[in-house]
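Participant: Fold the stuff below for me.
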Amino acid sequence: MGMGSGKRKGGCGRTSSEFLGLLLLVLGVTTLCAFVLPIKLWLVLLAGAMIFFGYRIFTS
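Facilitator: Coordinates of the predicted model:
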């Protein structure tokens, strides 16, 4: 048996594919919102998201 025998696991694991999917989702939503929403509402949404995720990271 050589070193190349057997099944090899792919380089892209489950966590990296989930992260890539989340990244694409966030980029798509922000691009859509940038064209649709007015600037004041956009800033309020970004500030709220930053506070929410900062709190989640701080308490975890």
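Participant: Going C-terminal from the longest helix seen in the chain, what's the next secondary structure element?
Facilitator: With DSSP state H setting the assignment, residue counts place helix 14-36 as the longest helix in the chain. As assigned by DSSP states H and E, the chain's next helix or strand after helix 14-36 is helix 39-59.
Participant: for that next one, which positions count as buried?
Facilitator: By neighbour count on 16 or more other CB atoms under 10 Å, the buried set for helix 39-59 is empty. Backbone N, C-alpha and C define where each C-beta goes, glycine included.
Participant: got the angle between it and helix 14-36?
Facilitator: With axes from the mean of the first three to the mean of the last three CA atoms, to 10 degrees applied, the angle from helix 39-59 to helix 14-36 works out at 160 degrees.
Participant: what helices or strands is helix 39-59 leaning on?
Facilitator: Judged by 3 or more CB pairs under 8 Å, 6 or more residues apart in numbering; DSSP states H and E, helix 39-59 is in contact with helix 14-36.
Participant: Appreciated, that's everything.
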